[in-house]
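Asks: Dropping a prediction and its sequence here:
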Amino acid sequence: MSELNRNFIAALNRKSQKIPPLWIMRQAGRYLPEYRKVRSNFKNFLDMCKTPEVCCELVMQPIERYDFDAAIIFSDILTIPDALGLGVSFVEGKGPIFSNPIQKPEDIIDMRTFNADNLDYVYKTAELTRRELDKNIPLIGFAGSPWTLAAYSIEGSSSKNFDLTKSFIENHPDDAHKFLEILTDACFEYLKRQIISGVDVIQIFDSWANLLSESQYLEYSLDYIKKLLKKLSADTITSQTPTIVFARDPKCDLAEFKLDDLSCYGMFTSVNRTHAMNIFEGSQSLQGNLDPKILLEDNKVIKESVSKIISDFADYPGFIFNLGHGITPDIDPDKVKVLVDAVREN
Ligand code: CP3
C-alpha cells in the first residue's frame, strides 16, 4: 500500500500524518477537459450518471491526472429524489429541474415507495470502479443529507432562497418530518448498498444547511443526520465504514457535530480552523477547507494558502486536505496541480 493512500484511512481514524491525504470535492467535473469531452456525449446529465462504465471512467480521470489519495463515486445526490419518482433532469445553465416536486403534503403520500434496487446503476459504478481502481486508493460513496434532498424536492429546482421549502416547513411541519424520515431511511439503504458494492468511506453532503436558523437546523437537518449516522453505526454491514459530514455554513455551534458516530467533519470555507480544532479536540478528524476561489489566484498565493492550512493542522490528529466547497468549472486544471504539489512538497 502506498504511504499516502494508507494515510487517508489513517487520518479518518484520527492519526496524524506528515503529509496530509488529499482529495477535492467535485474532483471529477467540468473544470477538466477530459470530463467535458465525455459529457458532450450526453444530453441529460442523469443519463450519464445511469451509465456505470462512463461513471467509472469519470471517477478515474482526476486520479490519473493528480494521483489523489481518494476517489469519489461519480454520481449525484439527486439520484434518490429521482428514484422516488420526482422526475429529476438537469437543464443546461439552470441546474436540476423536478417535473414532479413535493408541492403539498398529499404529494408525500402519493410519492413512489423508495426501492434501493432502482439505484442499481450507482452500485454497478461502485463495483466497476472498485475493480478498476488501485486497491490502495479508498473509494468514497456519498448521499445528500435528508434536509438537502428535501429542499431540492420541495423547491423543484435550485434557488437562491428556497422560499417554497421554507414555507412548506413552516406550514406543514409534521409532513416535513414525515418526508425527512422517508429520506433518512432511503439514504441508509442507499449507502448500505454502496458499501456492499465496494465503497470504503461515506460522505454526507448537507449543501443547503445554510438555509435554516439555528433551531430549525437542529430540528430539520441535524437530527436526521444523527439518525442516519446511528443507523449506519448500528448495522453490522455498515458499522466499520468511516463517515464524513460536510455542511455548508450551518447556523449552529460546531460542537453539535461532535458525534460519537461521526469519523470526520468536513469544514466549509468559512470555518475558522483554530476554532474547529478547539471544538473537536481530536474526537473527529477534520477535512478542508481551502477556499476554491484561491485557485483563481497566482501560484504564489495558492502555495502560501496551502502552507498556512497545513501548518495550522500540523499537530491535529487526523487532517485531510480538501477545498471548503466543490471546485468550480472556471478553474484551470494546472492550478489544481499547483495545489497538489504544494500539499505534497510542504
Ligand atoms: O467528483 C465528484 O465529486 C463528482 C460527483 C458529484 C457530482 N455531484 C457530479 C456533478 C458529487 C459528489 C455531487 C454532489 C452534489 N450534487 C451536491 C453536493 C455537493 C455540493 O456542491 O454542495 C449537490 C448540491 C448536487 C446537486 C447538483 N448537481 C447541482 C445543483 C448541479 C447543477 C449545478 C451545476 O454545478 O451546474 C449538479 C450537476 C452536477 N453534478 C455536475 C457534476 C459534475 C455538473 C453537471 C454537468 O456536467 O452538466
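Replies: Okay, I see it.

Asks: Strands of the chain, start to end?
Replies: 71-72, 88-91, 95-98, 139-144, 201-206, 243-247, 264-266, 285-290, 319-323 (DSSP state E).

Asks: Partner strands of the fourth one and their direction?
Replies: Within its sheet, and counting by DSSP bridges, strand 139-144 is paired with strand 71-72 (parallel), strand 201-206 (parallel).

Asks: Compare the ones you listed and give me the one nearest the ligand.
Replies: strand 201-206 (3.8 Å; Cβ to the nearest ligand atom). Just so you know, the C-beta spots here come from the backbone N, C-alpha and C atoms, and that holds for glycine as well.

Asks: hmm, that closest one in reach of the ligand?
Replies: Yes: looking at strand 201-206 against the ligand by Cβ under 6 Å from any ligand atom, the contacts come from Phe205.

Asks: Same check on stretch 143-163?
Replies: Yes: contact of stretch 143-163 with the ligand (Cβ under 6 Å from any ligand atom) involves Ser158.

Asks: do the same with stretch 188-198
Replies: No: Stretch 188-198 is not in contact with the ligand by Cβ under 6 Å from any ligand atom; minimum separation 12.1 Å.

Asks: just to revisit the earlier point, is it possible to export the strands paired with strand 139-144 to CSV including mean neighbour count, mean pLDDT and distance to Glu297?
Replies: Converted to CSV, the strands paired with strand 139-144 look like this (neighbours: other Cβ atoms under 10 Å; pLDDT from 0 to 100; distance: least, Cβ to Cβ, whole Å):
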stretch, mean neighbour count, mean pLDDT, distance to Glu297
strand 71-72, 26, 98, 25
strand 201-206, 24, 98, 26
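
Asks: can you list the residues of the protein near the ligand?
Replies: Residues of the chain that fall close to the ligand, judged by Cβ under 6 Å from any ligand atom: 25-30, 39, 45, 72, 74-78, 90, 95-96, 142, 158, 205, 207, 326.

Asks: change it to 5 Å
Replies: Applying Cβ under 5 Å from any ligand atom, one finds that the chain approaches the ligand through 26-29, 39, 45, 72, 76-77, 95, 205, 207, 326.

Asks: Of those - the most surrounded one?
Replies: Gln27 (27 neighbours; other Cβ atoms under 10 Å).

Asks: Any chance you could spot the residue sitting in the middle of the chain?
Replies: What sits nearest the mean C-alpha location of the chain, by Cα atoms, centre = their mean, is Phe205, with 3.9 Å.

Asks: who touches the residue in the chain positioned nearest to the ligand in this structure?
Replies: In the chain, no residue comes nearer to the ligand than Ser207, which is 3.2 Å away by Cβ to the nearest ligand atom. Ser207 is in contact with 77, 144-145, 148, 246, 248, counting by Cβ atoms under 8 Å, 6 or more residues apart in numbering.

Asks: Now do the phi/psi pair for it.
Replies: The phi and psi values for Ser207, taken as degrees, to the nearest 10, are phi -70, psi -20.
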